[in-house]
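Enquirer: give the three-dimensional model of this entry:
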Amino acid sequence: MNPMRKYLLLLLALTSLCACHRQVKITGVSTETFAIDAQLDPIQDQAYLQALEPTREALDREMNVQIGYAPERMWVNCPECPMLNWSCDALWEAAKRLCPKPVDMSVVNMGGMRCEWPAGPITRGHVFELMPFDNTLVVLTLTGRDILDLCQSFVDCGAQGVAGLRMTAVDGRLGEVTIGGKAVQPEATYTVATSNYLAGGADHMDALTRYVDIWNSDYVIRDLYLEAVQQQDTVRGVVDGRMNIR
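Expert: Alright, predicted model coming up:
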C-alpha cells in the first residue's frame, strides 16, 4: 500500500474514534411491561425441553424415593413446632457424632424452615425442599454472656429453633436460660452447633459472630438431615416447651 494512502487511512480512523467520544445526554426513558405467565408457553423451545426430559425424569425418580415416614404432620409455627424441633435435634445429634469436641446445643433459624412435611411417606425431595441450600455444619464456642444475648434476640424476633437449651420469656423479657439442665453462667463457655450461614450473624443472630473459637466442617446440613431420616425411619418432632415465650 502507498505510504501516503496508509497515512490517510490511519488519520481517518483516528478521526472516527475521536468522534465516538461525544458526550451522550439522555433525553427520555420509556418502559414496557411483559407478563411472565402462561401466555409465553407457546414460545417454549420444545427441542430444549425434549433434551432435558431424560434428566428431569431421572431427577424425579431420585427425589421420589421414600426414606422415612412421619406418623403426624410436621408443621411449622412460632415459637415452637415439630419441624423446627426435629431439625434442631437432628443437627445436634449429628454435631455430637462428628465434632471432635463436646457440643452443648444447636441453633436453627425459623426462616430456614422452607416447608412442612405432611403425615405419611417422607421422600428425598421433602428433605431437599426443607433445606434447598448448601449450608454447612459449624460448631462455635461462645461465652455464656453471648448465649444470653442470643436468647434475647430470639425473644425479640419471636423465636428460633434450639436443642440442648431451654429458655423462658414473658412480655419481651428474658427469664431462665438453661443448658444441660443448668443455668447459663455469663463467664463460662458453651459450644453451639449451627450453620455457616447463621455463624455470620444472619437473622439478627449477631451474638453468634462473637465466637471465641470455631470448628468448620464440609458436612452439608441437608445431607445430615437425609441421614437422620433414614436412620430414624419413623420421624417425630416433639414440642416440649424448650422455647417458652409468652
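Enquirer: is Pro102 in contact with Lys96, as I believe?
Expert: Yes: contact criterion CB atoms under 8 Å: Pro102 and Lys96 qualify, at 7.4 Å. Every C-beta, even on glycine, is put in place using the N, C-alpha and C of the backbone.
Enquirer: of these two, who's got more company?
Expert: Between Pro102 and Lys96, counting by other CB atoms under 10 Å, Lys96 is the more crowded of the two (17 against 10).
Enquirer: show me where this protein has helices.
Expert: 3-19, 46-63, 82-98, 124-130, 144-157, 221-232 (DSSP state H).
Enquirer: nearest to Thr136, of the ones you listed?
Expert: Of all the helices of the chain, the one in closest proximity to Thr136, counting by CB to CB, is helix 221-232 (6.7 Å).
Enquirer: what about this structure, any weak spots by pLDDT?
Expert: Low-confidence segments of the chain (pLDDT under 70): 1-26, 28-29, 34, 38-44, 48-49, 54, 56.
Enquirer: distance to Val108 added to the helices of the chain, as JSON lines?
Expert: Output for these, formatted as JSON lines (distance: least, CB to CB, whole Å):
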{"stretch": "helix 3-19", "distance to Val108": "59"}
{"stretch": "helix 46-63", "distance to Val108": "23"}
{"stretch": "helix 82-98", "distance to Val108": "5"}
{"stretch": "helix 124-130", "distance to Val108": "11"}
{"stretch": "helix 144-157", "distance to Val108": "11"}
{"stretch": "helix 221-232", "distance to Val108": "9"}
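Enquirer: check those helices for me and report the most buried one.
Expert: Across those, averaging neighbours per residue (mean count of other CB atoms under 10 Å) puts helix 82-98 on top, at a mean of 22.
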